[in-house]
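Colleague: Below are the sequence and a predicted model for it; my questions follow.
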Amino acid sequence: MQEILKEKIDLFVANKERMQNAFKWDNGYMHAVCSLIYTSINEEINIDKMKEADQLIKSKTGAFSGFRGNTRMAMMAQMALSGDMSAYFNAVKSVYEKLNAKKWFDSEYRIVAAMVIAQNEKDENKYDDLVAKTNELMERMRENHPWLTGDDDISFAALLAVSGLETDYLIADMEKCYQILKDSKKFGSANGMQSLSHALSLELGNIEGKCNRVIGIYDGLKEKKKKYGQTYELSTLGGLALSDVDVSELVEQIAEADDYLMTKKGFGALGIGSAQRLMYASMLVMQQYTAKVNTIEAATLTGVVGLIIAQEAALIGAITATTVATTVN
């Protein structure tokens with residue numbers, strides 16, 4: 001294993017442990033997301049600044065605000081790194097209000113999209129145009145895939161909006177990517193393939209070449225007995241496919257990173273699942289090679305938020321079923 005990758009993994013694990021110790025009652029998945037954000041710039045998490053950001057969010061939002069939900073910790077991390085926490089929060093809130101106009105309820109996915117736009121565009125006079133382009137992309141996505149496209153796709157739409165690429169190109173590119181991935185019969189999740197096609201469209205390039213690189217990485221890992229997740233994890237492979245590193249080298253490094261992570265507390269057989277660990281390994285390898293890391297982290301955040309929401313829904317369903325059974329008995 002390359003020493004630089006080993007050091008990055010050690011930093012990621014240490015950062016995650018710092019988050020767990022400082023924010024014990026928050027979701028462990030978000031501890032990892034924050035750790036990835038800091039590890040991408042090779043810095044230790046500044047817990048004091050994180051807590052300062054947490055207090056600032058609470059002072060500016062109500063108790064039931066979406067800003068206090070699952071995205072809160074990732075936003076704290078970005079605020080802590082921004083240099084001006086209040087300005088960062090105000091920018092994200094401004095974009096969010098434009099994205100969520102005429103909506104009755106807060107959307108954590110739209111908060112992620114607002115973070116993407118605010119982080120990639122410092123001129124607030126351009127927010128309206130980027131929001132309009134995000135909404136247009138969402139509508140075009142729905143036209144092609146009405147049953148697959150939902151609010152969880154809006155962060156991808158925001159990523160594509162800030163890419164500077166033309167809308168017609170983006171829609172055509174992602175649709176061709178989706179069809180190639182579908183025809184490959186490698187992936188069972190239509191939602192996962194759609195998210196991956198969005199990630200692949202973040203950069204110009206040979207469409208078949210991009211898709212073949214993704215398939216090559218996926219198959220290479222499978223040959224090494226590393227089964228990559230096909231739901232929220234899948235889009236992170238897009239970032240790796242957009243790098244110019246040889247596929248066999250990427251596969252080898254991801255496998256080595258996964259094996260090394262497995263030796264760390266909380267990442268072994270009794271820790272997180274193998275699919276999630278492999279995603280982290282891929283993210284850490286990707287951080288060495290591509291300038292798209294921040295946007296893919298946003299995609300990962302979207303997936304993790306979706307996972308948490310699904311888990312919460314399942315928990316509520318289980319509690320409800322238990323309550324009903326107890327009442328009947």
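Modeller: Thanks, I have it.
Colleague: going forward, measure contacts and count neighbours with C-alpha atoms only.
Modeller: Noted.
Colleague: how about the closest residue to residue 69 other than its chain neighbours, phi and psi?
Modeller: Nearest-residue entry for residue 69: residue 108, 7.2 Å, with adjacent residues in sequence omitted and distances by C-alpha to C-alpha, 6 or more residues apart in numbering. Per-residue torsions, residue 108: phi -70, psi -30 (degrees, to the nearest 10).
Colleague: which ones are touching residue 108?
Modeller: Contact analysis of residue 108 by C-alpha atoms under 8 Å, 6 or more residues apart in numbering lists 66-67, 69-71, 305.
Colleague: Narrow those residues to just the buried residues.
Modeller: 66-67, 70-71, 305 (16 or more other C-alpha atoms under 10 Å).
Colleague: circling back to that earlier point, out of the contacts of residue 108, the closest to residue 152 would be?
Modeller: Of all these, residue 152 sits closest to residue 305, with 8.9 Å by C-alpha to C-alpha.
Colleague: Output the lowest mean pLDDT helix or strand found in this structure.
Modeller: One helix or strand of the chain scores below all others by mean pLDDT, DSSP states H and E: helix 293-328, with a mean of 52.
Colleague: Just the buried residues of stretch 47-67, please?
Modeller: 47, 49-51, 53-54, 56-57, 66-67.
Colleague: Hmm, which of these is lowest in pLDDT?
Modeller: Note: of the buried residues of stretch 47-67, the lowest pLDDT belongs to residue 66, at 90.
Colleague: I'd say that residue and residue 110 touch.
Modeller: No - the criterion here is C-alpha atoms under 8 Å, and residue 66 misses it with residue 110 at 9.5 Å.
Colleague: Tell me which residues touch residue 118, please.
Modeller: Here residue 118 is in contact with 88, 91-92, 95 (criterion: C-alpha under 8 Å, 6+ apart).
Colleague: want to throw the residues you listed into CSV with secondary structure and pLDDT?
Modeller: Below are these laid out as CSV (DSSP: H, G, I helix; E, B strand; the rest coil; pLDDT from 0 to 100):
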residue, secondary structure, pLDDT
88, helix, 95
91, helix, 97
92, helix, 96
95, helix, 97
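Colleague: filter those residues to the buried ones?
Modeller: Neighbour-count burial (16+ other C-alpha under 10 Å) is assigned, among the contacts of residue 118, to 88, 91-92, 95.
Colleague: right, and out of the residues you listed, which lies closest to residue 27?
Modeller: residue 92 (22.2 Å).
Colleague: isn't that closest one right up against residue 115?
Modeller: Yes - the criterion here is C-alpha under 8 Å, and residue 92 meets it with residue 115 at 5.4 Å.
Colleague: For the stretch 51-200 of the chain, just list every one of the helices.
Modeller: Ranges of helices in the stretch 51-200 of the chain, per DSSP state H, counting those that start in this stretch, are 72-82, 85-99, 108-120, 127-144, 154-161, 167-184, 190-200.
Colleague: With distance to residue 272 as extra columns, can I get these in CSV?
Modeller: Output for the helices of the stretch 51-200 of the chain, formatted as CSV (distance: least, C-alpha to C-alpha, whole Å):
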stretch, distance to residue 272
helix 72-82, 19
helix 85-99, 31
helix 108-120, 24
helix 127-144, 33
helix 154-161, 25
helix 167-184, 28
helix 190-200, 20
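Colleague: Which one of the ones you listed lies nearest to residue 268?
Modeller: helix 72-82 (24.5 Å).
Colleague: Now that closest one: buried residues?
Modeller: Counting neighbours by 16+ other C-alpha under 10 Å, helix 72-82 gives 72-81 as buried.
Colleague: before we move on, what about stretch 232-248?
Modeller: 232-243, 247.
Colleague: Which residue ranges of the stretch 201-329 of the chain form strands?
Modeller: Counting by DSSP state E, counting those that start in this stretch, one finds no strands in the stretch 201-329 of the chain.
Colleague: residue ranges with poor pLDDT in it?
Modeller: 269-270, 290-329 (pLDDT under 70).
Colleague: show me where it has helices.
Modeller: Under DSSP H, counting those that start in this stretch, the stretch 201-329 of the chain gives helices at 207-223, 236-241, 247-262, 274-286, 293-328.
Colleague: picking that back up, got TSV for the buried residues of helix 72-82, with distance to residue 21 and pLDDT too?
Modeller: TSV is the format used below for these (distance: C-alpha to C-alpha, whole Å; pLDDT from 0 to 100):
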residue	distance to residue 21	pLDDT
72	17	91
73	14	90
74	16	90
75	19	91
76	16	94
77	16	92
78	19	91
79	20	95
80	18	95
81	20	92
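Colleague: Redo the residues you listed as a markdown table? Include distance to residue 218.
Modeller: Formatted as a markdown table, those follow (distance: C-alpha to C-alpha, whole Å):
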| residue | distance to residue 218 |
| --- | --- |
| 72 | 32 |
| 73 | 30 |
| 74 | 28 |
| 75 | 31 |
| 76 | 33 |
| 77 | 31 |
| 78 | 31 |
| 79 | 34 |
| 80 | 35 |
| 81 | 33 |
